[in-house]
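> Show me the folded form of this:
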Amino acid sequence: TGVVPFVALLLLQRRPVAGRTLPVTGSGCPGHGLCLPNVQEQTRKQVVLLNATAQDLFSLYLKCQGEPFSSESDKICNPSGIFFPAFRVNRTSERKEVMVAMYKLFAFLNASLGNITRDQEELNPTAKELLDQLHNTTKTTRGLISNLTCLLCKNYNIFQVDVSYGESSKSKGTFKKKQQGCQVLRKYVQVIAQAARILLPHLSPP
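Residues are numbered from 1 along each chain as shown. Predicted coordinates:
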């Protein structure tokens, strides 16, 4: 599987693999002094923003794919075959467990957004609003991963987490590329809502 720093996530597309946390003790946490004073509040705002814009991104994606995606989205975009990282935490889980689960989730999402953006740049190069929204969502996700990296390192001395990546669509045909994109984004709408419900209480001021 490998342990990958967050800056490389966008470049990697892999089939899902099992993930596990690799805790490190001692003073080996890199960049832990680079945490901004408001990193926890910034993380909370990023999760709120992603949750608030997820449905709009999915709707805009469907609109730009044309038919039959606009009229048959329930059938074509059924995300039953899309597997985000296992999410076995809840609001009563320990904060450390929640942070690690969120890191895995957003690392997967970041790579998936890179996959979708690449396909849309090829298939819909003039869809400026969609491409802008994909780029903005990716930027927010990468910032969130950076902040989670900082919090894990600073609070728990964890700076290595095994993560999984979704299947690449690079070799697929046009329809399959569009379909995989809409399946992932529909699943994202569901998962980010759950993630926000669980994570936000852990990021609220004491």
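> Confirm that Arg88 sits in a helix.
No. Using DSSP: H, G, I helix; E, B strand; the rest coil, the assignment for Arg88 is coil, not a helix.
> what about the nearest residue to it once chain neighbours are set aside, which SS state?
Nearest non-adjacent residue to Arg88, counting by Cβ to Cβ, 6 or more residues apart in numbering: Ala101, 7.2 Å away. (Each C-beta comes from the backbone N, C-alpha and C, glycine too.) Following three-state DSSP, the label given to Ala101 is helix.
> For Ala101, the count of nearby residues, please.
By other Cβ atoms under 10 Å, 22 other residues sit near Ala101.
> and what of Lys139?
By other Cβ under 10 Å, neighbour count at Lys139 equals 12.
> how near is it to Arg44?
From Lys139 across to Arg44, the span is 17 Å (Cβ to Cβ, to the nearest Å).
> got the contact list for stretch 48-59?
Applying Cβ atoms under 8 Å, 6 or more residues apart in numbering, the contact partners of stretch 48-59 are 133-134, 137, 140-141, 144, 182, 185-186, 188-189, 192-193, 195-196, 200.
> just to revisit the earlier point, I'd say the residue nearest to Arg88 and Glu94 touch.
No. Applying Cβ atoms under 8 Å, one finds Ala101 not in contact with Glu94, separated by 10.6 Å.
> List the buried residues for stretch 68-84?
Within stretch 68-84, the residues scored as buried using 16 or more other Cβ atoms under 10 Å are 69, 73, 76-77, 79, 82, 84.
> same question but for stretch 43-52, I mixed them up
For stretch 43-52, by 16+ other Cβ under 10 Å, it's 43-47, 50-51.
> Just give me the closest of those residues to Leu123.
Distance to Leu123, by Cβ to Cβ, is smallest for Leu50 among those, at 23.8 Å.
> Quick check: that closest one vs His135, distance?
Going from Leu50 to His135 by Cβ to Cβ gives 14 Å.
> next one: Glu72
28 Å.
> Quick check: next helix or strand after the helix-or-strand element of the chain with minimal mean pLDDT?
Least confident helix or strand of the chain, by mean pLDDT, DSSP states H and E, is strand 21-22 with a mean of 38. Moving toward the C-terminus from strand 21-22, the next helix or strand (DSSP states H and E) is helix 39-65.
> State the next helix or strand along the chain beyond that next one.
Following helix 39-65 toward the C-terminus (DSSP H and E): helix 73-76.
> what's the average pLDDT for that following helix?
Throughout helix 73-76, pLDDT has a mean value of 92.
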